[in-house]
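*Asks:* whatever this is, show me its structure:
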Amino acid sequence: MSNYYSSGYGNPPPGSDGSAEGNSYYGGGYGQPAAYQADMQSQQSDQQPSSQQTEQRQTSYGQTAYADPNQWKQQSQQQQAPAAAAPSAAVPPGATQQQQPSFWSNPSAVGAVAAMAANSMAAGGNNPNAMFDLIQPHAQTFLKSGAARMVPGLETFMSTLRKYFQVDNRYVKSKLQRIFFPFLCKSWQRVKFDSPTQGPGIPDVAYALPHSDENAPDLYIPAMSLITYVLLCALVYGNAGQFNPEVLPEVATWCFASQILEVLLIRFGYYMMQAPVPFLDLFSYTGYKYFGLCINMLGAILANHFGLGKETYYILFLYTASAASFFILKTMANNIPLAVAATGPKREFMVVGFAASQFATMYFVSKTKFLS
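*Replies:* Coordinates of the predicted model:
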């Protein structure tokens, strides 16, 4: 190497193998040191970042670092502008996003309900229908805008069913007395009034709601009586050590299936007489017998401690079944039209048959297996 520099920078020295094409740098074709220095400077200039590259480099978190803070702000604003404009671009011009009406999304409605509840409590609850009258329009709005659209006929069914639950404490007390002591009642006619809804000159007879008429049918008492009777049967099973969770649905299904069969038979009798009657009215009239079954079972549970449970049940059964039959007799006799089809069965025979069916159905659903 020293001979190479002392020789005036002539040809490159031979390689290790004696050839002129060695592995050294000078074997790469650079014969003069000036050419070597120029090449090294060009490589250093290529390795050093330019001024634009130093202003922007990728950090380890994938974010861009800027030498100038103003440039970073401008870049951030440019990135946020398309994101903010994206939702508005999805909505067509002139269109607005509509939300479904909701009771809780209306602060005035919620406040009105709270104020009405406070006033009702302060007044001692003299108006039991105040909360119902206030919430009813909001419930109707919910049915029309939500669930009623999903299930066809749901709105009509709920409107019809709601009439059978418009009861108050006075009605429930008077109705229970009428069911348990029907022999003391004198009036059995329902309160009716004319409602011209079928056209001019064709009046449509409408009946008063349960809270205004003691003879009107309801579904509140039958539903509560059925639930109470199922629980009393479960209590009898439990006292005998035979209770299991399947007792509740078994008794409820047994009672409900027998009632459906009874309603279908009565409705067929009405059809033979060509007399109109709503199905829910029949469910109401035939469901009052569960109150008598509750009395029977409750007396049997109390007498079961003395070993007279089954005897007490059947003694009470004779009275409650007779009361239920008399109740159906008077109710049907005052609600079936006097003018029926001449070719159909006699009206009097059908009324007696409906009344006698209460003995059969009450005995059919009685659970006296575990009474002593």
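
*Asks:* tell me the secondary structure at residue 206.
*Replies:* Applying DSSP: H, G, I helix; E, B strand; the rest coil to residue 206 yields a three-state assignment of strand.

*Asks:* how many neighbours does it have?
*Replies:* By other CB atoms under 10 Å, the residues close to residue 206 number 12. Glycine gets a C-beta too; all of them are placed from N, C-alpha and C.

*Asks:* what is it paired to in the beta sheet?
*Replies:* On the basis of DSSP bridges, residue 206 is bridged to residue 193.

*Asks:* make residue 1 into 686 and carry on from there
*Replies:* Okay, residue one is now 686; in that scheme the one you just asked about reads as residue 891.

*Asks:* wait, it touches residue 878, no?
*Replies:* Yes - between residue 891 and residue 878 there is a contact under CB atoms under 8 Å: 5.9 Å.

*Asks:* now do the strands in this structure.
*Replies:* Using DSSP state E, the strands of the chain run over residues 741-743, 749-751, 877-880, 889-892.

*Asks:* mean confidence score for the first one?
*Replies:* Meaning strand 741-743. In this model, strand 741-743 has an average pLDDT of 47.

*Asks:* where does pLDDT dip in the stretch 786-935 of the chain?
*Replies:* Along the stretch 786-935 of the chain, the model assigns pLDDT under 70 to residues 786-836, 879-890.

*Asks:* pretty sure residue 1008 sits against residue 870.
*Replies:* No - applying CB under 8 Å, one finds residue 1008 not in contact with residue 870, separated by 10.8 Å.

*Asks:* and the two? Which one has more around it.
*Replies:* Neighbours of residue 1008 and residue 870, each counted by other CB under 10 Å, are more numerous for residue 1008; the result is 22 against 16.

*Asks:* how about the contacts made by the residue nearest to the more buried one when sequence neighbours are not counted?
*Replies:* Sequence neighbours aside, residue 867 is the residue nearest to residue 1008 in space, at 5.4 Å (criterion: CB to CB, 6 or more residues apart in numbering). Counting by CB atoms under 8 Å, 6 or more residues apart in numbering, residue 867 touches 1008, 1011, 1012, 1015.

*Asks:* any idea how far residue 867 is from residue 923?
*Replies:* Distance of residue 867 to residue 923, given as CB to CB, to the nearest Å: 33 Å.

*Asks:* just residue 914 next, same as before
*Replies:* In terms of CB to CB, residue 914 sits 15 Å off from residue 923.

*Asks:* for those two, work out which one has more neighbours and name it.
*Replies:* Between residue 914 and residue 923, residue 914 has the larger neighbour count (other CB under 10 Å), namely 26 against 13.

*Asks:* please report how far that one lies from residue 980.
*Replies:* Note on residue 914: its distance to residue 980, by CB to CB, is 10 Å.

*Asks:* counting neighbours, what do you get for residue 984?
*Replies:* When counting by other CB under 10 Å, one arrives at 18 neighbours for residue 984.

*Asks:* again but with residue 1055, I slipped
*Replies:* What residue 1055 shows, counting by other CB under 10 Å, is a neighbour count of 17.

*Asks:* got the contact list for it?
*Replies:* 921, 922, 924, 925, 927.

*Asks:* quick one: the last one from residue 1021, how far?
*Replies:* Pointing back at residue 927 there. For residue 927, the distance to residue 1021 - CB to CB - is 43 Å.

*Asks:* show me which of these two is the more surrounded one.
*Replies:* Between residue 927 and residue 1021, residue 1021 has the larger neighbour count (other CB under 10 Å), namely 20 against 11.

*Asks:* from residue 977, how far out is that one?
*Replies:* 23 Å.

*Asks:* same question, residue 856
*Replies:* The gap separating residue 856 from residue 977 is 19 Å, by CB to CB.

*Asks:* all helices of the stretch 936-1057 of the chain, in order?
*Replies:* 964-972, 974-988, 994-1020, 1032-1049 (DSSP state H, counting those that start in this stretch).

*Asks:* any chance of these in CSV, plus distance to residue 863 and mean pLDDT?
*Replies:* Shown next, in CSV, are the helices of the stretch 936-1057 of the chain (distance: least, CB to CB, whole Å; pLDDT from 0 to 100):
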stretch, distance to residue 863, mean pLDDT
helix 964-972, 12, 94
helix 974-988, 11, 95
helix 994-1020, 7, 93
helix 1032-1049, 15, 91
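
*Asks:* ok, which of those helices comes nearest residue 957?
*Replies:* helix 1032-1049 (7.8 Å; CB to CB).

*Asks:* pull up the gap between the nearest residue to residue 1015 once chain neighbours are set aside and residue 1020, please.
*Replies:* Nearest residue to residue 1015, sequence neighbours excluded (CB to CB, 6+ apart): residue 873, at 4.7 Å. Distance, residue 873 to residue 1020, by CB to CB: 8 Å.

*Asks:* can you list residues touching both of these two?
*Replies:* Common contact partners of residue 873 and residue 1020 (CB under 8 Å, 6+ apart): none.
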